[in-house]
Each structure stands twice: as structure tokens, then as C-alpha cells.
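Peer 1: Build me a model from this:
(one chain, ligands or ions: 1)
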Amino acid sequence: MNILIVTWHPEPASFNGAMFRTACETLQSHGHEVRISNLREMRFDPVSGRHNFSTVKDPLYFKQQVEEMHATENNGFAGDVEAELEKLEWCELMIWQFPLWWFGLPAVLKGWVDRVFVMGRVYGGGKIYETGVFRGKKALISLTTGGPAESYRKDGFNGDIMAILRPIHRGMLQFVGFDVLTPHIVYGPVRMTDDERREELARYSRRLAGITAEAVIDVGRYKAY
Ligand code: FAD
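Peer 2: A predicted model of the protein is given here:
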């Protein structure tokens, strides 16, 4: 399977870094072709603007989606955006590895979505959700938290983790046609012993070894939140 892993963490020796390396090694050892977007290493610019494009539709008023449509028709994406678009189009499974920051994606990963999920080539013209451009592809979000698991239950002080992740699952991934797998969550790695963290890495590796056989999430089950 063609697998793209997109990750961002400010520290390569972090637990997220270890999860990212575990995923690369496990998936490659199971015969998958793996491409990566390590946004920290790439110094990926997360801020959108005219530099997303080599073409210009309206020089007087910058409207990103209008420029995206124009660039789609005229092969007009800047090199860094074009390279990410090609990886996105190539993959059959996409994995995002990140620490949960303020109940969401860290800004650089969010900025990657802002710049790469472009109107025209990635969504639009009636192509969203079940008719999305990327229907047939799967996505897995793999994340760590600071808070413990019980704080992310429905009656916990943070609330239901699936509701917190819904903007990512529904608003980003499913919006452009991906089916989503059950998120992989390591709660509070900083509170664990080294042995417990190593076991978490082994648990992730075991899961990834069988990832191609996994069923996608029925989003209807948490649509109401
Ligand atoms: P690290 O602190 O890097 O790692 C934990 C430990 O694992 C370290 O001791 C490290 O040395 C060790 N380790 C690394 N590699 C290995 C290995 N191979 N084997 C064994 N041990 C290893 N938390 C929330 O719950 N909700 C929030 O909304 C939230 N918002 C945040 C916003 C900001 C701006 C910040 C900075 C943090 C926020 N947090 C939040 C906390 C954050 O989610 C956690 O700190 C983060 O997820 C922990 O993962 P890490 O990779 O950074 O862990």
C-alpha cells in the first residue's frame, strides 16, 4: 500500500518522534511504500498567501479559493504545495502523527491543511464527503495528549475525545473524501515509565502491522455531538 505519514513536533527526540519512526519502520518492514512529510524537518511554511501560487487570477484582491481554482486549471501551485499535493494524490492511506495542542492540530500541521487541501484539485464542484476527490483512501490520526484517558471520557473534565477530534475527522479528512480509521491515541506519555512508553510503541507497531485489514469508523455513531 502507498502510505503517506505527515507529522509535526518541535522536538525530534519526543515521544511523537518515536511514534513516527515506529510507524515508518513497521510499515516498511511489512512491504508498504512509505513517503513522509516531516514538517519540522522540511521547515514547512504553514502560512497561506500569494506565495501558495505561481499564477495570479486577481492581482487586486487575494481570495485564496479563487486562486486555488485558477491554479488547479493552470498548473499554478508553488513548488512546496505542489509536492504535498502529489503525495496526497499518490497515497492510499494517510497517517497524521501529532501532539494534541489546544484540543486540535498544532499550528504547522493545521497550516499544511490550509495550504494543501485546495479548492479545485482536492475538493469542490460537488466533490465533498461521499463524493469527495479522495474517496477510497483511508486516513488515521495518531496523537498524544497531556491529559489522562479518564479526562477524555464523556463525563471527564475535558469531555469526549471523539467529539474533540470531530473537526479533524469530519471537517478535514472526510470532507475531502477520506474514510477514517479509529484514532490511535496515547494518553499522557509524559506520566508513563520508560517501560510503559516502550509498550505503547509496541502496541502501535502491532496495530500498524494489521492496518490494511481495519474497518473504517461509522461516523454516524458520533454524528450527533
Ligand atoms: P514528550 O514529552 O516528548 O515525551 C514523553 C516522554 O517520552 C519523554 O520523557 C521522552 O524522553 C520519552 N520518550 C521519547 N522517545 C521514547 C522512546 N523511544 N521510548 C520511551 N520513551 C521515549 N494536552 C492535552 O491533553 N490537551 C491539549 O489541548 C493540549 N494542548 C497543548 C498545547 C500546547 C501549546 C502544548 C505545548 C501542549 C499541549 N498539551 C495538551 C500537552 C501535549 O499534548 C503533550 O505534552 C504531548 O502530547 C506529549 O507528547 P510528546 O511527544 O510531546 O511527549
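Peer 1: In contact with residue 172, which residues?
Peer 2: Contacts for residue 172 (Cβ atoms under 8 Å, 6 or more residues apart in numbering) come out as 113, 117. For the C-beta atoms, the positions are set from N, CA and C on the backbone; glycine is no exception.
Peer 1: and residue 170, how far is that from the ligand?
Peer 2: Taking Cβ to the nearest ligand atom, to the nearest Å as the measure, residue 170 and the ligand are separated by 19 Å.
Peer 1: what secondary structure does that residue sit in?
Peer 2: Put simply, residue 170 is helix when judged by DSSP: H, G, I helix; E, B strand; the rest coil.
Peer 1: Equivalent analysis for residue 42, please.
Peer 2: What three-state DSSP gives for residue 42 is coil.
Peer 1: Distance of it relative to residue 141?
Peer 2: 20 Å (Cβ to Cβ, to the nearest Å).
Peer 1: quick one: which of the two has more around it?
Peer 2: residue 141 (23 against 15; other Cβ atoms under 10 Å).
Peer 1: so is that one in a helix, a strand, or just coil?
Peer 2: strand.
Peer 1: do residue 37 as well
Peer 2: Applying three-state DSSP: residue 37 is strand.
Peer 1: So is whichever helix or strand residue 185 is part of next to the ligand?
Peer 2: Using DSSP states H and E, residue 185 maps to strand 184-187. No: taking Cβ under 6 Å from any ligand atom as the criterion, strand 184-187 and the ligand are apart, separated by no less than 7.6 Å.
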